Structures are given as structure tokens and as C-alpha cells.
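Enquirer: for reference, the sequence and a predicted model appear below.
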Amino acid sequence: MSSGDSTEMFGQLVHGTARAWRQKLDERLKPMGLSQAKWRTLMHLSLAGDALTQAEIAARLGVEEPTVVNLIHRLERESWIIRKTSLHDRRCKMVLLGRRAQRVIAQISATAAKLRHELLAGIPSGDVETCMQVLGLIQERAEKSDRRQSTPRSRPSHDSVDRNGHTKQRCSIARKGAISRRVGGFK
């Protein structure tokens, strides 16, 4: 197998590994009443350490904002989350973990840690570190490439996202990719 052949499969391997890992964790969290959409949203809220807007949640999950609307309604109806009006903008709702979610976050984290330990068992820590460095570099390059492509060269962007996740616009509405880079987080 030549070098070119191995790099052709690299993207498929990274994608497949991430998908398989999420599915395995999804199987283990289902008995807790958590679908992948639910546990990923709850973990993003937990890791944020503060309330997030729907736009910020959508960006962190890597989906469009309308996709998150039904999920947020369901999570609120099932007492996983609480929505409160922003102190800075009454039109904006801030999403926080509800009591039910606060009780299970430790279980989600413990289940994820156990799975991570199982999947990485027997792999030398140096190899894991090298893999993390390589993947981090690839992610950085991809995100840098996305920023260059999303910014028109003919005129500078005047879009910004305020602290409530609202897009302030002068010329046009910011694209999802631009918002996700400003918000950050894992996918």
C-alpha cells in the first residue's frame, strides 16, 4: 500500500471511529433514557459551565439552529433543561441544565470514561498522545481553511455574535460555520 492509498482511507477511518465510539456510548446511555442528541446536548451544557443559547448549542452540536428547536422543547418538557430569559436581551432564552440532568451528568461522564478506558486499553500512551497531536493539527488546519473560505475576500465581514448568541448584522447573517468557530467546543 502506497502513502497515497493510506491517506485516502484516513478520513473514512477518523469518521468511522468517531461514529462507532458515539454509537457505543449511545448504547450504554440508552437505559438512562438518553438518546445521542440528548446526552450530547447535556454534556455540552455541562462543559460550558454556564447557560448557552440555542444558537450556541446548535453550533456545538454541528447542526442548524432549527434542528435544535424540537430537541430543546423535548428536553425542557422532560425536565432535563431549563430555559430562562436572558438578562441582557429579553428576546433570548438561555438554556441551563435542569435538576434531572445535574443528577445524571456524573453518570454520563463515568460511563464515557469507562468506555474510553476500554477502547484505549493496550494502546501505548505515547501512541495515543501522537494520535491526539496529529488529529489536533488536522482539526486546526481544517478550521483555519473554513475561516478563509467563509470570509469573502472582496469585503470584510461585519457580522458578530453577541454574548447571548444573537447575530448582529450590518451586511448579512453570519453562516453556521462562522458562529461555531466563535462559540467553540467539541462535536
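Expert: Structure received. Numbers count the residues shown, from 1 in each chain.
Enquirer: distance of residue 136 from residue 115?
Expert: As judged by C-beta to C-beta, to the nearest Å, residue 136 and residue 115 stand 21 Å apart. Bear in mind the C-beta positions are built from the backbone N, C-alpha and C, glycine included.
Enquirer: scratch that, residue 85 is what I was asking about
Expert: From residue 85 across to residue 115, the span is 37 Å (C-beta to C-beta).
Enquirer: looking at residue 136 and residue 115, which one has more neighbours?
Expert: The neighbour comparison of residue 136 against residue 115 (other C-beta atoms under 10 Å) goes to residue 115, with 16 against 10.
Enquirer: now the more buried one, what's its secondary structure?
Expert: What DSSP: H, G, I helix; E, B strand; the rest coil gives for residue 115 is helix.
Enquirer: cool, residue 122 as well?
Expert: Three-state assignment for residue 122 (three-state DSSP): coil.
Enquirer: and it, how many neighbours?
Expert: Neighbour number of residue 122 under other C-beta under 10 Å is 5.
Enquirer: phi, psi for it please.
Expert: phi 80, psi -10 (degrees, to the nearest 10).
Enquirer: would you mark the buried spots in the helix or strand harbouring residue 96?
Expert: Using DSSP states H and E, the element containing residue 96 is strand 93-97. Neighbour-count burial for strand 93-97 flags 93, 94, 95, 97 (criterion: 16 or more other C-beta atoms under 10 Å).
Enquirer: by contact count, what packs against it?
Expert: helix 36-48, helix 54-61, strand 81-85 (3 or more C-beta pairs under 8 Å, 6 or more residues apart in numbering; DSSP states H and E).
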